[in-house]
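Chemist: Give me a model of this one.
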Amino acid sequence: MVKDKSKNFITEDDKLWNSITKNTKKYKASNRIVAQVEPSRKKIILKKEEAVKENKKKVFDKIKTNNRINIKADDKNNTEDLNPSKIPSGISLNQAHNFKRGKLRPEKTYDLHGYTQYRAHSYLSEEILKCYRKNIRILLIITGKKLGASGAEGVLKKEVPRWLNLSPLREIILMTSWATPRDGGDGALYVLLKRFKK
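Modeler: Okay, the predicted model is just below:
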């Protein structure tokens with residue numbers, strides 16, 4: 001090994017590299033080209049993003065207006081949070097136990113596998129409200145367990161019970177419960193709707 005002027009040791013590889021590159025042109029400034037979006041194109045991109053946001057807002061507003069249900073003020077104020085592991089008040093113990101054990105069979109099943117969180121929320125809201133209007137009372141919602149390597153819960157498994165506690169769904173749901181193993185266990189929910197009164 002040989003020392004260079006800056007008193008650093010130079011290996012044979014460094015010597016070889018220096019001999020090859022000594023005649024090459026050295027650039028002081030970076031020779032990278034940074035692509036910049038033209039101002040007119042930037043405006044188009046921003047307009048498209050705004051249009052997508054506006055469209056999403058319209059879809060949610062449409063769902064809200066189409067799914068408005070006349071609910072008594074008393075019902076709205078006295079609702080307690082639904083918990084799939086607990087029996088809420090306002091339901092007989094016998095009916096609740098039969099419901100939890102899967103003895104009351106689902107009239108309609110919704111499988112959310114393959115749905116994004118946004119799409120699942122809007123789809124579920126629409127479908128539950130349709131079922132309520134048709135007096136379909138017992139639903140099975142399959143969210144999937146989706147346990148990752150780290151043991152993390154699936155997004156839909158965590159979010160669906162929360163969505164069911166939001167208005168207008170909360171006012172029409174009597175009870176929820178995790179399904180029995182034959183219907184999907186912890187990866188599915190039974191939902192019991194109130195009777196539709198015209």
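Chemist: can you tell me the helix or strand for Tyr110?
Modeler: strand 108-111 (DSSP states H and E).
Chemist: Next, the buried residues of that strand.
Modeler: Neighbour counts using 16 or more other CB atoms under 10 Å place Lys108, Tyr110 of strand 108-111 among the buried residues. Just so you know, the C-beta spots here come from the backbone N, C-alpha and C atoms, and that holds for glycine as well.
Chemist: So which elements touch it?
Modeler: helix 117-133, strand 138-142 (3 or more CB pairs under 8 Å, 6 or more residues apart in numbering; DSSP states H and E).
Chemist: Need the winner for burial among the ones you listed.
Modeler: When you average the neighbours per residue for each of these (mean count of other CB atoms under 10 Å), strand 138-142 leads with a mean of 20.
Chemist: What is the very next helix or strand once past that strand packed up against?
Modeler: Using DSSP H and E, the helix or strand that follows strand 138-142 in sequence is helix 155-164. For helix 155-164, the packing partners by 3+ CB pairs under 8 Å, 6+ apart come out as helix 117-133, strand 173-178, strand 188-193.
Chemist: can you rerun that using 10 Å?
Modeler: Counting contacts by 3 or more CB pairs under 10 Å, 6 or more residues apart in numbering; DSSP states H and E, helix 155-164 packs against helix 117-133, strand 138-142, helix 169-172, strand 173-178, strand 188-193.
Chemist: Pro181 reaches Arg101, doesn't it?
Modeler: No: using CB atoms under 10 Å, Pro181 makes no contact with Arg101, being 11.2 Å away.
Chemist: My guess is Asn98 contacts Ser92. True?
Modeler: Yes: using CB under 10 Å, Asn98 is in contact with Ser92, at 9.4 Å.
Chemist: more neighbours, the two?
Modeler: Shown here are Asn98 and Ser92; by other CB atoms under 10 Å, Asn98 has more neighbours (12 against 9).
Chemist: show me the contacts for that one.
Modeler: If you count contacts by CB atoms under 10 Å, 6 or more residues apart in numbering, Asn98 has them with Ser92, Leu104.
Chemist: and the next element down the chain from the lowest-mean-pLDDT helix or strand in the chain?
Modeler: The helix or strand of the chain with the poorest confidence is helix 73-77; it has a mean of 42 (mean pLDDT, DSSP states H and E). Using DSSP H and E, the helix or strand that follows helix 73-77 towards the C-terminus is helix 93-100.
Chemist: Keeping just the C-alphas, turn that following helix into CSV.
Modeler: Taking Å, rounded to 0.1, in the frame of the first residue of the first chain, the C-alpha atoms of helix 93-100 are listed here in CSV:
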residue,chain,number,x,y,z
LEU,A,93,-82.4,-13.0,26.7
ASN,A,94,-83.9,-16.0,24.9
GLN,A,95,-83.9,-14.2,21.5
ALA,A,96,-80.3,-12.9,22.2
HIS,A,97,-79.0,-16.4,23.0
ASN,A,98,-80.6,-18.0,20.0
PHE,A,99,-79.2,-15.2,17.8
LYS,A,100,-75.7,-15.6,19.2
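Chemist: Sweet, I'm off.
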